[in-house]
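Q: Curious how this folds, go ahead:
(one chain, ligands or ions: 1)
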Amino acid sequence: MRVGVGMQQSFDLLFASSNLHKFQEAKKILEHFGIKLGFYKCNLEEIQSNSLKEIANHKSKQAFQNCKKPVIVEDDGLFIESLGGFPGPYSSYVFKTIGNKGILNLLKQKRKAKFVSVISFCDKRNIISFESYLDGTISKKIIGKGWGYDPIFIPFKSKLTFAKLKDKNEISHRYKALKKFSNWYFDK
Ligand code: IMP
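A: Model (predicted):
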């Protein structure tokens with residue numbers, strides 16, 4: 001079913017977020033799977049929790065209550081192994097406070113990390129989430145001009161940061177979680 005948003009366009013479902021970069025990537029990825037995504041730009045309340053799934057589900061319920069349309073939200077975290085998984089669920093706050101430079105200053109030799117994405121879908125009948133991760137390492141310096149942690153995250157088997165990679169949307173944590181979501185979406 002396509003749902004109408006505004007006067008001119010129709011979408012299969014909405015992506016609720018304040019982050020345009022995330023939406024643009026999710027839109028491209030889901031287009032590839034045959035799902036048309038609309039942007040529901042909003043600031044959702046974020047609960048404090050160590051679980052990305054709990055945070056994402058809380059946000060998608062809120063988004064559905066507001067927009068009354070089938071909606072997905074995404075919550076992400078960058079988990080750095082030598083820092084015990086920091087910043088994890090606090091990635092957004094840490095990015096705003098110490099940023100990429102601050103992360104680089106915290107690291108010595110061990111640079112293993114993973115990016116985790118949780119997609120939570122909510123409509124009248126369902127609330128369901130899909131989680132995926134991508135292993136990688138943290139670069140020694142800022143490389144490229146991408147958004148968020150893109151200039152410091154080097155995916156496994158790559159020499160380039162996300163900011164420099166042309167095929168980020170074909171391998172990312174977001175791609176993997178959205179692929180799981182779209183498999184479920186077409187079967188539901
Ligand atoms: P949240 O899901 O909005 O809480 O995002 C967590 C943090 O990770 C934010 O600071 C985002 O900018 C960052 N982030 C999430 N996904 C990506 C990505 O694909 N590239 C770079 N940074 C990301």
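Q: quick one: low-confidence parts of the chain?
A: 1-9 (pLDDT under 70).
Q: Would you mind listing what in it touches the ligand?
A: For the chain, the residues in contact with the ligand (CB under 6 Å from any ligand atom) are 19, 75-76, 78, 91-92, 95, 147-150, 162, 172, 174. Placement of C-beta: from N, CA and C, glycine included.
Q: between these, which has the most around it?
A: Compared across these, residue 75 has the highest neighbour count, 29 neighbours, by other CB atoms under 10 Å.
Q: who's in contact with that one?
A: Counting by CB atoms under 8 Å, 6 or more residues apart in numbering, residue 75 makes contact with 52, 55-56, 59, 89, 117-118, 120.
Q: Can you show me the helices along this protein?
A: For the chain, applying DSSP state H gives helices covering 20-32, 52-67, 91-97, 99-106, 168-171, 173-187.
Q: Out of these, which one sits most buried?
A: helix 52-67 (a mean of 20; mean count of other CB atoms under 10 Å).
Q: What is it packed up against?
A: strand 13-17, strand 71-80, strand 112-122, strand 127-138 (3 or more CB pairs under 8 Å, 6 or more residues apart in numbering; DSSP states H and E).
Q: how far out from the middle of the chain is the second one?
A: Using CA atoms, centre = their mean, to the nearest Å, the distance from the centre of strand 71-80 to the centre of the chain it belongs to is 4 Å.
Q: Which one of the residues in this structure is closest to the ligand?
A: residue 148 (2.3 Å; CB to the nearest ligand atom).
Q: Cross-check the contact I'm expecting between that residue and residue 95.
A: Yes - Residue 148 lies in contact with residue 95 (CB atoms under 8 Å); the separation is 6.1 Å.
Q: one step back: so which of the helices of the chain comes closest to residue 142?
A: helix 99-106 (5.4 Å; CB to CB).
Q: Next, count neighbours for the residue lying closest to residue 38 once chain neighbours are set aside.
A: Counting by CB to CB, 6 or more residues apart in numbering, the nearest residue to residue 38 once its immediate chain neighbours are dropped is residue 11, at 3.4 Å. By the criterion of other CB under 10 Å, residue 11 has 20 neighbours.
Q: Beta-bridge partners for residue 11, please?
A: In this entry, residue 11 is beta-bridged to residue 3, by DSSP bridges.
Q: Please apply the same query to the one 4 residues further on.
A: With DSSP bridges as the criterion, the beta-bridge partners of residue 15 are residue 39, residue 72.
Q: what sits against it?
A: Contacts of residue 15 (CB under 8 Å, 6+ apart): 22-23, 26-27, 37-40, 71-74.
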